[in-house]
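Colleague: this is a predicted model, with the sequence first.
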Amino acid sequence: MGIIAAVTLPTPPPVNEAIVEEIVQRIGPGITTVLNYHAQNRYGKPFTRLLLEDPQQAYTLIETLMGQLKARILWRVLEKKLVRASA
């Protein structure tokens, strides 16, 4: 519940799913595999699509798997890379 106040969730930037997939893969193939596995199990879609369609659910998934501090760090990295890709 407190994540909204602590983390600013970006609106999906104007980039396509392939670019988002590439960005997520560059962060780490292991993290990507885990995020995709759990996103597919919980939401029926890969993490990149979840990130584009519902950033709140994507963040909640990261936080559930990694804890609040690591989720914030990963989210900031993703946010910065997505903003650069959309510029």
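Modeller: Done, it's in.
Colleague: rest of the way, CA atoms for contacts and neighbours
Modeller: OK.
Colleague: gap between stretch 80-87 and the chain center?
Modeller: Relative to its chain's centre, stretch 80-87 lies at 13 Å (C-alpha atoms, centre = their mean, to the nearest Å).
Colleague: how about stretch 28-38?
Modeller: 11 Å.
Colleague: how about the lengthiest helix in the chain: buried residues?
Modeller: Counting residues, the longest helix found in the chain (DSSP state H) is helix 68-86. For helix 68-86, a neighbour-count test (16 or more other C-alpha atoms under 10 Å) marks 68, 71-72, 74-75, 78-79, 82 as buried.
Colleague: likewise stretch 25-32?
Modeller: For stretch 25-32, the neighbour count (16+ other C-alpha under 10 Å) marks 31-32 as buried.
Colleague: convert the C-alpha atoms of that stretch to CSV, please.
Modeller: The C-alpha trace of stretch 25-32 is given here as CSV (Å, rounded to 0.1, in the frame of the first residue of the first chain):
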residue,chain,number,x,y,z
GLN,A,25,17.3,-8.6,-20.7
ARG,A,26,20.3,-6.2,-20.4
ILE,A,27,19.5,-5.7,-16.7
GLY,A,28,20.0,-9.4,-16.1
PRO,A,29,18.9,-12.6,-17.7
GLY,A,30,18.5,-14.3,-14.4
ILE,A,31,16.2,-11.5,-13.1
THR,A,32,14.3,-11.5,-16.4
